[in-house]
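> attaching a predicted model along with its sequence, questions to come.
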Amino acid sequence: MRAIPLTVTAVAAALLLTACNGGGNSGSGGKNSSACRIGGVSLEVGAASVAPAAGDTGEVPVSITNHSKTCTLENFPGVTLRKGGTSAKLSAQKGAKAQTLELAKGDAAAFTISYVRGKDGDATSLAATELKITLPGDDTVQSFPWRYGPIAGQGAPTKANASVSAFQQAGD
């Protein structure tokens with residue numbers, strides 16, 4: 001007679017423990033609670049290797065330093081170049097493989113924006129004035145001025161000839 005109440009109690013405890021295991025990414029489409037957030041990290045657009053003339057390639061490094069609790073960077077950063085009402089969302093560099101990076105407080109990571117400079121006044125180029133960045137799992141946008149000239153378009157300004165690299169661990 002005592003075996004039944006103990007078994008029921010053990011099963012109930014096991015179910016309760018299983019229900020409490022809600023950590024990590026549930027795949028439900030919600031925000032990842034461990035994702036790095038713009039408010040907890042600092043973003044810095046570094047010294048660029050500017051494309052000097054139309055058709056040349058330039059690179060703009062972006063560093064991320066974590067100033068809060070340990071967080072995770074997954075997939076690719078969200079990067080959009082914009083001028084007025086025209087914007088171009090950048091895709092990942094061809095062949096780039098996303099990796100998951102865990103950043104403890106004080107750790108840093110980086111990614112690079114590569115672009116082909118367009119011709120001034122060309123209807124297919126995007127004369128961007130603003131760079132907008134989001135981190136995966138966070139909808140917050142941080143904006144920076146774009147000072148590296150127009151970006152060549154691939155048939156239209158909204159199809160900028162530019163891309164982003166995967167996140168890379170920075171520092172030691």
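Yep, it's here.

> where along the protein do the helices fall?
3-20 (DSSP state H).

> show me where it has its strands.
41-45, 57-66, 71-73, 78-83, 86-89, 91-92, 101-103, 108-116, 130-134, 142-145, 162-164, 168-170 (DSSP state E).

> any chance of those in JSON lines with mean pLDDT as columns?
Output for the strands of the chain, formatted as JSON lines (pLDDT from 0 to 100):
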{"stretch": "strand 41-45", "mean pLDDT": "96"}
{"stretch": "strand 57-66", "mean pLDDT": "97"}
{"stretch": "strand 71-73", "mean pLDDT": "96"}
{"stretch": "strand 78-83", "mean pLDDT": "96"}
{"stretch": "strand 86-89", "mean pLDDT": "94"}
{"stretch": "strand 91-92", "mean pLDDT": "96"}
{"stretch": "strand 101-103", "mean pLDDT": "96"}
{"stretch": "strand 108-116", "mean pLDDT": "97"}
{"stretch": "strand 130-134", "mean pLDDT": "97"}
{"stretch": "strand 142-145", "mean pLDDT": "97"}
{"stretch": "strand 162-164", "mean pLDDT": "97"}
{"stretch": "strand 168-170", "mean pLDDT": "92"}
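
> center of this protein - which residue?
residue 77 (1.7 Å; CA atoms, centre = their mean).

> ok, the closest residue in space to residue 104 that isn't next to it in sequence - how many residues close by?
Nearest non-adjacent residue to residue 104, counting by CB to CB, 6 or more residues apart in numbering: residue 70, 4.9 Å away. C-beta: built from backbone N, CA, C; applies to glycine. Residues lying near residue 70 (other CB atoms under 10 Å) number 12.

> likewise residue 89?
14.

> so what's it bridging to?
Residue 89 has the following beta-bridge partners by DSSP bridges: residue 80.

> OK, contacts around it?
Residues in contact with residue 89, defined by CB atoms under 8 Å, 6 or more residues apart in numbering, are 78-80.

> and the spatially closest residue to residue 94 that is not a sequence neighbour, what does it touch?
Spatial nearest neighbour of residue 94, chain neighbours left out: residue 163 (7.4 Å); criterion: CB to CB, 6+ apart. By CB under 8 Å, 6+ apart, the residues touching residue 163 are 90-94, 96, 113-115.
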